[in-house]
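**Student:** I would like to see how this sequence folds:
(chains A, B, C and D)
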There are 4 protein chains.
Amino acid sequence: MTTRIPFMSDNAAPVHPKVWEAMRAADETASPYDGDKLSQALDERFSELFGRDCAAVWVASGTAANCLALATLCQPHGGVICHREAHIEVDEGGAPGFFLHGAKLILADGAAAKLTPADIAAVADPIRNDVHQVQPHAISITQASEYGCTYSPAELAALGDYAQARGLGLHMDGARFANAVAGLDCAPRDAVGPCDTLSFGFIKNGGMGAEALVLFDPQQADLVKYRRKRAGHLQCKGRYLAAQILAMLDGDLWLENARAANTAAAEIAGACDGRLMYPVEANELFVRLSAADRDILRARGFDFYDWGGDAARFVTAWNTRADDAVALARAIAAL
Amino acid sequence: MTTRIPFMSDNAAPVHPKVWEAMRAADETASPYDGDKLSQALDERFSELFGRDCAAVWVASGTAANCLALATLCQPHGGVICHREAHIEVDEGGAPGFFLHGAKLILADGAAAKLTPADIAAVADPIRNDVHQVQPHAISITQASEYGCTYSPAELAALGDYAQARGLGLHMDGARFANAVAGLDCAPRDAVGPCDTLSFGFIKNGGMGAEALVLFDPQQADLVKYRRKRAGHLQCKGRYLAAQILAMLDGDLWLENARAANTAAAEIAGACDGRLMYPVEANELFVRLSAADRDILRARGFDFYDWGGDAARFVTAWNTRADDAVALARAIAAL
Amino acid sequence: MTTRIPFMSDNAAPVHPKVWEAMRAADETASPYDGDKLSQALDERFSELFGRDCAAVWVASGTAANCLALATLCQPHGGVICHREAHIEVDEGGAPGFFLHGAKLILADGAAAKLTPADIAAVADPIRNDVHQVQPHAISITQASEYGCTYSPAELAALGDYAQARGLGLHMDGARFANAVAGLDCAPRDAVGPCDTLSFGFIKNGGMGAEALVLFDPQQADLVKYRRKRAGHLQCKGRYLAAQILAMLDGDLWLENARAANTAAAEIAGACDGRLMYPVEANELFVRLSAADRDILRARGFDFYDWGGDAARFVTAWNTRADDAVALARAIAAL
Amino acid sequence: MTTRIPFMSDNAAPVHPKVWEAMRAADETASPYDGDKLSQALDERFSELFGRDCAAVWVASGTAANCLALATLCQPHGGVICHREAHIEVDEGGAPGFFLHGAKLILADGAAAKLTPADIAAVADPIRNDVHQVQPHAISITQASEYGCTYSPAELAALGDYAQARGLGLHMDGARFANAVAGLDCAPRDAVGPCDTLSFGFIKNGGMGAEALVLFDPQQADLVKYRRKRAGHLQCKGRYLAAQILAMLDGDLWLENARAANTAAAEIAGACDGRLMYPVEANELFVRLSAADRDILRARGFDFYDWGGDAARFVTAWNTRADDAVALARAIAAL
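**Tutor:** Numbering: from 1, shown residues only, chains lettered A, B, ... in the order given. Below is the predicted model:
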């Protein structure tokens, strides 16, 4: 079989045609950096989307978005509590240590890579309140989580209460925020809850190279803009990034794309009875499959990651063909 | 007059059609980050171009390229000698301090924002060789300089000799390297001379959001790649950046574009007799113009920057229309 | 009972009379910083002690010694593998993140706060060798460990082999190195084994404010000296620090003091049959004691730390009175 | 001549007997770090001295004091305006870059190494208020200045007004604050004026290894204490540092010592008619002396620094013998 059927990651997908269109439409001489009218429109556009005043800037990666966001919530001598398997801990090459000038990630455990107040308290409470130990300044959660599970509005409210009571900032890594909103079938506002900052991912969902960093305290925008420049992330022709984001928001393309991916994931999940390690609430599936079974699937053209032990990870994308999802579902069912 | 004629900066220019084409041609499911075949081709392509073994990676901005390059040459407790008006000192928001973990820029003076060994020695020699003073670890020069002047191969060789004798690394900020090569009319290899690292700019010259960081010691590639990821600059869909760079190199589009800009600049320079502050060796003109004269030019539709005192800066770009250059030349001549 | 009997920590002890004498003897006008003859004598004195060429500098704290040492072994984008309960992780206020510019501590588990190659491999092996994950650059161990246990020469050799095979640096936090050497009853050289760097503690053992950072690769001394100055740790009147260290080394006062502390600990350990959580190999005891038992001991004047659950920590010092050790032993035996 | 007469620097002087006494008096088992009663007394003692509420902590060097102070006033992406010859720029090994995480020193010129609002405005005003340029967050001045000159209360008030109008923090490097107060013959409060933070030097003035960092906004104490620990500057036996500072404050020993040094300087200044480069307002003299004259003085036993060109620097200390000052004065007069 020569053609491979991609379920490795949504980050391998191409760019949505409407995103291309918007980028081409921005192709003119214009004010550089973020002085163009598209970049300037982001604050208002996201304020509308979330129904509250916020500031938004583009950056080229989720790593940059996460770290610039955390820099508004955590001082260099502080710590950020996150899940042991959080992307910022496991897959960002130590970027938080760089952007936060040596601040510490304090690792918590929680089911499905999610955290509850109790999970957080389990690591926060033993920290002595003295200068010998790094004090937590913020919490970072991932929506949808690294295992494709979503935080409900009630779960977010509980985290917000905890964070407020402890004086901690609350950040949301939303690399797959669109898939989470689609999965929760709620308003964007309810999917972000009381978070102070949100890394709103577009790249995995049909964009090319633009994520939005959303600040629900717009007064932090100034800090973020200086830090973005300082990190080499203030791109010269920012209009092409802003265009991507605006195209995704127009007509709710972001939700349409996310729903397509989630639908494909649900199709496959239907065939994984008894094999699923976590509920499929977005566009990722973690499936128990023996090495032999994985060999069979790969021989049939399906590409996916091994995820340790008997686990395999399948990720659907905005452009996953319905036929491919059905074919994978059948192939798994037939094992 | 409603249509403005842009001479503010080449960073305001749109993207070259062939760059668009190459990006579209890369629009497929592919290995993420820099695992795609285009990103993987960069080392070889730049090795051909420079006629020597080198490594090359894409980044989204000249600031990131400069700072990642300098991180291979300067330790956190060291310093980088650069011109007082160097872009890294004046216009990068303190990024060197961030990427180099607090290393110091040691500011030298030199004609036309260029540095000679004597200029460098004037600041390096007084530094006591003890731990109380930050020792220089590297030199950074800009080709073409911030005043649009080029370093000749002989000048570069002299700097290389000096750097070697002092045990200093040598970096070239080549945001307008293409214009410098076009202006020098020499081989790319001769325009970079003995530099250890080069930020090779494409964005101002027709690209969208990709610069190349070229390492003439390929063994530094590993360090740069870890640092790039750590800075949030390892973009997810890197093929779209690599495609831009390869499109620029194909058929020497980079030189063609740079020559067009330089030709336009020369056209204008011809009308600036007695007004030029620096020789026009690339695509920037620094012109003495009274406030009244500047008003006249702006009233005629020309956009450009004031540059302090009686100075005005005009920058041509790959897409500057010949008619516009001629019109500006005439307008200046008529003052 | 008004007089308290201190077993909280050896860091509460006063300064040894011979240290005072040596400091007073240094009280003259002299070359500042480390230009004085005492500071200049350290390299040779430690080279003699360890029977191999090394460089040594004074610093004011174990935290500074550890972090400056690690900076010679780990780059900002790398990681240091240490025990989950290592002092650098738990009690240094995030100093490694500061001195190492955001490098990561990678936490391993091991019995008695010690690490074996297998313990280290358990966290190092799963790290993917790609830029998305922080790669280990070094290992840090503590001699004696945070639970008062020592690494034997054979254990150190095994760690050295592992480190070398993996290309990792090896650092020893020797806040209680003297107690470890006394406990192991071996040559200093054998108690440090193949480590690249050693924080050699004197403060807990009768000093006032001087630890030695020993570099078994003397070529790293230059780096450490620049970094020490840059961290504000190059004290103006360094002769008073060097004097402390030299006084401790003279006539093996450091060993005499450590033996006194260890003897007191052994005395107490003899009464703790069945209560000891770890073998007592230096000057710390971790003892299972109910809350009621701890109340009884405190009512009798003994001061010590609770250490979670039913654990109590007792630390003896160079000046622990034999009577006090006997009294504590009897009090525990009588519980 | 075998005995040298020291005018190199006050940092070469020995420790005052009363400081020794106080340190010895602190020699007992006590709470470690800054939990002892002496360290705990500092806030109140300095509040009394300055007649206003302040917090104070000990550190081991002026570099640490300056940098920890500046960290309360300047963010990593900001800048600190200081004199081109300020100690933090010239002689602290890049420590501000380290402690401030890459923040920039913005260099101003001013007579006698002092700064006026106009001097500061000359560098601050040209900074564009955009993210491409590092914005000033704070100002640092030195009292007495690097050329031994003092800021009058009126000069300080003017700087305070400027700083407030610009929203900048104001730090005072008081390595020789005692000599400044003695020279100004004013209340300590008036010699610090509206500064937010003060590095109050004791080491050069008879101490051993303790400077005080005074925070006139006591709410910053928490930040400083975490940062001090993180920098390895929270020494284990802090009582010996606190004891030094308290001994210096008791009975105004700090002023007595400073007056002695200033008196000796005045004695010498009286012989330097026409040779003085700056008014002698504290304990430093910068004297024009030919190379031949310097040779003569050195042949007569006087040690001092060359200071570039025809300049020589003489510094008196708390223990400078009156006879030595007179002898130097005569020797200079006789040239």
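**Student:** Now whichever residue of the stretch 151-300 of chain A sits closest to chain C. Its backbone dihedrals?
**Tutor:** The minimum distance from the stretch 151-300 of chain A to chain C, using CB to the nearest CB, falls at A:Ala231 (12.9 Å). All C-beta spots, glycine's among them, are computed from the backbone N, C-alpha and C. Backbone torsions of A:Ala231, given as degrees, to the nearest 10, read phi -90, psi 10.
**Student:** what's the answer for A:Pro126, then?
**Tutor:** Per degrees, to the nearest 10, the backbone of A:Pro126 is at phi -70, psi -10.
**Student:** Ok, A:Ala212 next?
**Tutor:** Dihedral angles (degrees, to the nearest 10) for A:Ala212: phi -110, psi 130.
**Student:** thinking it is in contact with A:Thr197, fair?
**Tutor:** No - the criterion here is CB atoms under 8 Å, and A:Ala212 misses it with A:Thr197 at 11.0 Å.
**Student:** More neighbours: the two, which one.
**Tutor:** Higher neighbour count among A:Ala212 and A:Thr197: A:Thr197, with 30 against 27, using other CB atoms under 10 Å in any protein chain shown.
**Student:** OK, now which residue of the stretch 151-300 of chain A is nearest to chain B?
**Tutor:** Chain B sits closest to A:Gly232 of the stretch 151-300 of chain A, with a gap of 3.2 Å, by CB to the nearest CB.
**Student:** The stretch 51-200 of chain A too?
**Tutor:** Residue nearest to chain B within the stretch 51-200 of chain A: A:Ala64 (3.2 Å; CB to the nearest CB).
**Student:** The residue of the stretch 151-300 of chain A closest to chain B: how many residues sit nearby?
**Tutor:** When counting by other CB under 10 Å, one arrives at 29 neighbours for A:Gly232.
**Student:** Look up how far A:Ser199 lies from it.
**Tutor:** The gap separating A:Gly232 from A:Ser199 is 18 Å, by CB to CB, to the nearest Å.
**Student:** again, but for A:Lys237
**Tutor:** Taking CB to CB as the measure, A:Lys237 falls 22 Å from A:Ser199.
**Student:** So which of these two has more stuff around it?
**Tutor:** Each of A:Lys237 and A:Ser199 has its neighbours counted (other CB under 10 Å); A:Ser199 has more, 30 against 24.
**Student:** mind checking the SS state of that one?
**Tutor:** Here A:Ser199 is recorded as strand under DSSP: H, G, I helix; E, B strand; the rest coil.
**Student:** isn't it right up against A:Ala210?
**Tutor:** No - assessed by CB under 8 Å, A:Ser199 is found out of contact with A:Ala210, at 11.9 Å.
**Student:** State the three-state secondary structure for whichever residue of the stretch 201-335 of chain A sits closest to chain C.
**Tutor:** Of all residues in the stretch 201-335 of chain A, A:Gly308 sits closest to chain C, at 8.3 Å by CB to the nearest CB. The three-state label given to A:Gly308 by three-state DSSP is coil.
**Student:** got it, and A:Met248?
**Tutor:** Strictly by three-state DSSP, A:Met248 counts as helix.
**Student:** Tell me which stretches of chain A form strands.
**Tutor:** Here chain A has its strands, by DSSP state E, at A:5-6, A:55-59, A:79-83, A:104-108, A:136-142, A:169-174, A:197-200, A:211-215, A:284-288, A:302-303, A:305-306, A:311-315.
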